[in-house]
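1. Mind folding the following:
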Amino acid sequence: MIQSPLNYTGGKFKLLPQILPLFPKDIDVFVDLFCGGCNVGINVDCNAVIYNDLNENLLYLYNTFKNLDKESILEWVYQIIDKYELSLVSKNGYDYYGCESGKGLGEYNRDKFLKLRADFNEKHAKENFDYYYYVMLYVIIVYAFNNQIRFNSNGDFNLPVGKRDFNKKMEEKLSDFIDKIHQQNCKFTCLDFREFDTSTLTPNDFVYVDPPYLITCATYNEQGGWDETAEKDLLAFLDGLHSKNIRFALSNVLRSKGKENKILIEWLEKNQNKYKIIHLDYSYSNSNYQTKNKTSITEEVLIINY
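-> Have a look, this model is predicted:
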């Protein structure tokens, strides 16, 4: 199983052993409508993949991985680490940087990371969006807090430094991902799902839908990025797919931390003859260590129409 080189909020890697066997076996075009970290699309057996997401930085980064050879990408990664004098524990060990594993590398890397981030944001201000810019973005993500991706309203990357660096596991994940994406017949689109053209899809295709979850407060919901209108529009979009005999699977949560998604529950009750609910066994205890009660039940489901 290939794991995304990005630690993307809501990533589905840990759920893949449960959800992949539930997908149809005869997929022509697989549409990953909210592709995020690409954990799903990169592992599906099909003839072609369309990766779609609203985060254009993400898609240009994947395009860079697709269009450049692996050796060039890794060479640039190491050049950037070297240029900014960021830590590389896999080569030098923790003692070399006066750090220990438990506390991490944040203190050593902080100023160097901020310089890299400032240079990257300056390239953004000058609209200098070449392949090197996106490899810089990848290195920033690796050294950023929790390996997350966050831009402010001006388009500047604004996360602080993290505790880790470009270790062997990260290099392996990046290497495997690039190999797979080079083999795959795939393309990247940056569209709101409401703008996504379904007219070319046939009953041989399959749309996987993993939207921001309305009732969980991950980063992508903090700035009002997903609301009840979006939720209702998405459910109408799925009804539209069903009316064209196009197969889909929707990942979502019905209940979490005392909240419930009433819109989704009502839609399912109304369509119980059309759609099937499969309950999954998972809790997102690793996605945000600031959540105090990690054991509260999250009712994660896969909803299918086939």
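
2. So, low pLDDT: which residues of the stretch 151-300 of the chain?
-> 217-224, 282-296 (pLDDT under 70).

3. give the contact list for Asp192.
-> Leu54 (C-beta atoms under 8 Å, 6 or more residues apart in numbering). Any C-beta I mention is one placed from the backbone N, CA and C, and that applies to glycine too.

4. please renumber so the chain begins at 379
-> Happy to do that; since the first residue is 379 now, the last one works out to Asp570.

5. report the longest strand in this structure, please.
-> strand 625-634 (DSSP state E).

6. what packs against it?
-> When contacts are defined as 3 or more C-beta pairs under 8 Å, 6 or more residues apart in numbering; DSSP states H and E, strand 625-634 packs onto strand 584-587, helix 606-621, helix 640-648, strand 676-682.

7. Switch these over to TSV; also include distance to Thr594 and mean neighbour count.
-> Formatted as TSV, those follow (distance: least, C-beta to C-beta, whole Å; neighbours: other C-beta atoms under 10 Å):
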stretch	distance to Thr594	mean neighbour count
strand 584-587	16	23
helix 606-621	12	16
helix 640-648	12	15
strand 676-682	8	19
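
8. Turn those into CSV, columns for distance to Leu492.
-> Shown next, in CSV, are these (distance: least, C-beta to C-beta, whole Å):
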stretch, distance to Leu492
strand 584-587, 38
helix 606-621, 35
helix 640-648, 42
strand 676-682, 35
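
9. right, and Glu677 touches Lys635 too?
-> No: the pair Glu677 / Lys635 is not scored as a contact, 10.5 Å apart, by C-beta atoms under 8 Å.

10. thinking again about what came up before, and the angle from the longest strand of the chain to strand 676-682?
-> Interaxial angle, strand 625-634 versus strand 676-682 (axes from the mean of the first three to the mean of the last three C-alpha atoms, to 10 degrees): 160 degrees.

11. Determine how far the next helix or strand after strand 625-634 lies from the middle of the whole chain.
-> Counting by DSSP states H and E, the next helix or strand C-terminal to strand 625-634 is strand 637-638. Put simply, strand 637-638 sits 24 Å off its chain's centre (C-alpha atoms, centre = their mean, to the nearest Å).

12. how long is stretch 384-397 end to end?
-> 20 Å (C-alpha to C-alpha, to the nearest Å).

13. which of the residues in that stretch are buried?
-> Of all the residues in stretch 384-397, those buried under the rule 16 or more other C-beta atoms under 10 Å are Leu384, Asn385, Tyr386, Thr387, Gly388, Gly389, Lys390, Phe391, Leu393, Leu394, Gln396, Ile397.

14. ok, and what's touching the longest strand of the chain?
-> If you take C-beta under 8 Å, 6+ apart as the criterion, strand 625-634 is touched by 390, 393, 397, 400-402, 581, 583-589, 591, 593-594, 616, 619-620, 638-639, 642-643, 674-684.

15. Spell out the residue ranges of the strands in the protein.
-> Counting by DSSP E, the strands of the chain are 405-410, 424-430, 564-567, 584-587, 625-634, 637-638, 654-657, 676-682.
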